[in-house]
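Q: Fold the following for me, if possible:
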Amino acid sequence: MTTGEEREDTLVVRRIIRASREEVFAAWIDPESMRDWMCPGDIVAAEVQLDPRVGGAFRIVMKGPTYEVDHTGEYLVVEPPSKLVFTWTSARTEHRTTLVTVELFARGDLCELVLTHERFPNADAMRSHRSGWTRIVERLASHLQRGAATRDSSEGV
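A: All right, here's what the predicted structure looks like:
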């Protein structure tokens, strides 16, 4: 289940994912993986460039049927397998720099993902991102479950 919580300029999305936190963390720093799940709403494809180290930059271009949204940022914290903190800037944040924190907690064989996005310029930007991040986290969970099913079938489980 995914839940969203709102404060004035902060959004929190939580999700239990059927994967280890190491697998979830790896998906966040692998551009090939991210192309599959960083597609909220009517986004049909994502171009992803990542340099997942402190001070490293990323660029994610989300492509809709008739438009593109370019997202850029810098990694501020990279602590495998538990935490990523990065800036997030796009037209959807009015080109203002916002802050995203992804925390991963082991819950037995599962992982609890807590994504906090803060410093939104206005309530509309926050609502739009709440919808987007909720869908992205759902797609991430599906992506990891498909990967587990593929591994299980190839191992004869």
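Q: low-scoring stretches of this structure, by residue?
A: Judged against pLDDT under 70, the low-scoring parts of the chain cover residues 1-7, 148-157.
Q: where along the chain do the strands fall?
A: Across the chain, reading from the start of the chain, the strands by DSSP state E fall at 2-6, 10-17, 45-50, 57-63, 68-79, 83-88, 98-107, 110-118.
Q: The top helix by length along the chain vs strand 98-107, what angle?
A: What stands out as the longest helix in the chain, according to DSSP state H, is helix 123-154. Between the axes of helix 123-154 and strand 98-107, defined by axes from the mean of the first three to the mean of the last three C-alpha atoms, to 10 degrees, the angle is 40 degrees.
Q: can you pull the buried residues of helix 123-154?
A: By neighbour count, and taking 16 or more other C-beta atoms under 10 Å as the criterion, the buried residues in helix 123-154 are 125-126, 128-130, 132-141, 143-144. The way it works is simple: take the backbone N, C-alpha and C, and place the C-beta from them, glycine included.
Q: and the strands of the chain as TSV, adding mean neighbour count and distance to residue 34?
A: As requested, the strands of the chain are arranged in TSV below (neighbours: other C-beta atoms under 10 Å; distance: least, C-beta to C-beta, whole Å):
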stretch	mean neighbour count	distance to residue 34
strand 2-6	13	18
strand 10-17	19	15
strand 45-50	16	5
strand 57-63	18	7
strand 68-79	16	11
strand 83-88	19	12
strand 98-107	18	12
strand 110-118	19	14
